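> Using only what follows, build the 3D model:
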Amino acid sequence: QVPLVESGGGLVQAGGSLRLSCAVSGRPFIRYAMGWFRQTPGKEREFVVAINWNGDRTHTADSVKGRFTISRDGAKDTVYLQMNSLEPEDTAVYYCALSSRRSFPPFLADVWGQGTQVTVSS
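Numbering: from 1, shown residues only. The predicted structure follows:
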């Protein structure tokens, strides 16, 4: 059973928006901090944003601050990444991650999703 399943990726024009979803299964969602990372070919996976177990604290990378927002829905065991004002530089595979550690940064992932492609055209 795959515990983290991302969805919502796709192709969008620069300036547009996308919302990614990550559904958690097989684990008590409330116990974990959740995060999003991204990766482009030939580069290391990059931290994007994280949210703590009850949603009252977030941490956002400077590169997306003011444009990307993370949220979580405990009733649906799902975490979301709302991406606005997208830029071609945001093109990457986006990965959802789960962490059992209470404090961040740094966000240290215990489990990864399979990734979803986001492509921003200029």
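> Okay, now the unreliable bits of the chain?
Applying pLDDT under 70 to the chain flags the ranges 1-2.
> Just want the most central residue of it.
Centroid-nearest residue in the chain, with Cα atoms, centre = their mean: residue 36, separated by 2.5 Å.
> Let me see the contact set for it.
Residue 36 sits next to 20, 22, 48-50, 68, 70, 79, 81, 94-97 when contact means Cβ atoms under 8 Å, 6 or more residues apart in numbering. C-betas here are computed from N, CA, C, even on glycine.
> repeat that with 7 Å
Applying Cβ atoms under 7 Å, 6 or more residues apart in numbering to residue 36 gives the contacts 48-49, 70, 81, 94, 96.
> By neighbour count, which of the residues you listed wins?
Counting neighbours by other Cβ atoms under 10 Å, the top entry in these is residue 96, with 29 neighbours.
> List the beta-bridge partners for the nearest residue in space to that one that is not next to it in sequence.
Excluding its sequence neighbours, the residue lying closest to residue 96 (Cβ to Cβ, 6 or more residues apart in numbering) is residue 22, at 3.4 Å. Assessed by DSSP bridges, residue 22 has beta-bridge partners residue 6, residue 79.
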